[in-house]
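In: starting from these lines, generate the structure:
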Amino acid sequence: MEHTLIPILRTVVSFMILILVTLAIGKHINSHKNHYSFALSVTIGSFIANMGFDTNLKFKEMLISFLVLILMFYLFMVLSSRSRSFRKWLSGRPTVLIEKGKLLDKNMKKVKFSIDDLNQHLREKEIFNIAEVEYAMLEVNGELSILKKVPFQNAIKKDFNLPISSESLPVELVMDGQIIEKNASGIYSREWIEAEFKRRNLHIEEIYYAVVNSGGYLFVDKYEDKLSSPTDVE
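Out: Just a heads-up that it's a prediction; the model follows:
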């Protein structure tokens, strides 16, 4: 029984530690925007696996090593946020592959980036003609950033002198038949919500989801969609 209980307890504790670390610095780790965050995510997985399953290793020593690793990452993160030179050394810098429509073959050789690699990344950006590209930069995380030549750039409202209205973030008001109290304030008060539903002959318990979208319009979805043959595909 003891041989079974120990791995279970180690796994539970290791998982809880992982959750706490993820809550603290998870956004920096998950983004994989630089070399050391990627290396840390791989190392954390190895640590947690050994802490949980390898009973030949002492849990206390593993935990101390794990906490030292997290502390080092945090210190590096603070230093990189305060020092640009340190950030460049630690995180690396993007590499220009196309400049003013010209391929920089020396830079491509430095980062071991072939023409096939470049064309694949361009296709993923829905660019099938390399002549459309003015600048292309290979970011530290391996993504390719593109600036198209002016004739090939997408038109925006400003180009047509169209009226531009400001938009705000969507405000979720009802989820799973219950009003989200923290959002039911200001102009979208509980009284306003109830009045809107009453005007539509709806009860809050009938609503699966209701949100005021970025354009200021109320979107409402009921539990009962009344579709004759809804698509049953996850």
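
In: domains in this structure, by residue range?
Out: Recorded structural domains for the chain (assignment: automatic domain parsing) are 2-88, 95-152, 171-222.

In: can you list those domains in a markdown table and add mean pLDDT and mean neighbour count?
Out: Bear in mind the C-beta positions are built from the backbone N, C-alpha and C, glycine included. Output for those, formatted as a markdown table (pLDDT from 0 to 100; neighbours: other Cβ atoms under 10 Å):
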| stretch | mean pLDDT | mean neighbour count |
| --- | --- | --- |
| domain 2-88 | 78 | 14 |
| domain 95-152 | 91 | 14 |
| domain 171-222 | 90 | 14 |
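
In: could you dump the ones you listed into JSON lines and include distance to N161?
Out: Supplementary listing: the domains of the chain in JSON lines, determined by distance: least, Cβ to Cβ, whole Å:
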{"stretch": "domain 2-88", "distance to N161": "38"}
{"stretch": "domain 95-152", "distance to N161": "18"}
{"stretch": "domain 171-222", "distance to N161": "20"}
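
In: from L67, how far out is E194?
Out: Separation of E194 from L67 (Cβ to Cβ, to the nearest Å) stands at 50 Å.

In: quick one: which of the domains of the chain is nearest P163?
Out: For P163, the closest of those is domain 171-222, at 13.3 Å, according to Cβ to Cβ.

In: how long is the closest one end to end?
Out: Terminal residues of domain 171-222 are spaced 17 Å apart (Cα to Cα, to the nearest Å).

In: off-centre distance for stretch 10-22?
Out: 22 Å (Cα atoms, centre = their mean, to the nearest Å).

In: what lies in contact with it?
Out: Defining contact as Cβ atoms under 8 Å, 6 or more residues apart in numbering, one finds that stretch 10-22 is touched by I29, I44, I48, M51, G52, F53, T55, F59, L63, F66, I70.

In: closest to I6 out of those?
Out: Nearest to I6 among the contacts of stretch 10-22 is T55, at 6.1 Å by Cβ to Cβ.
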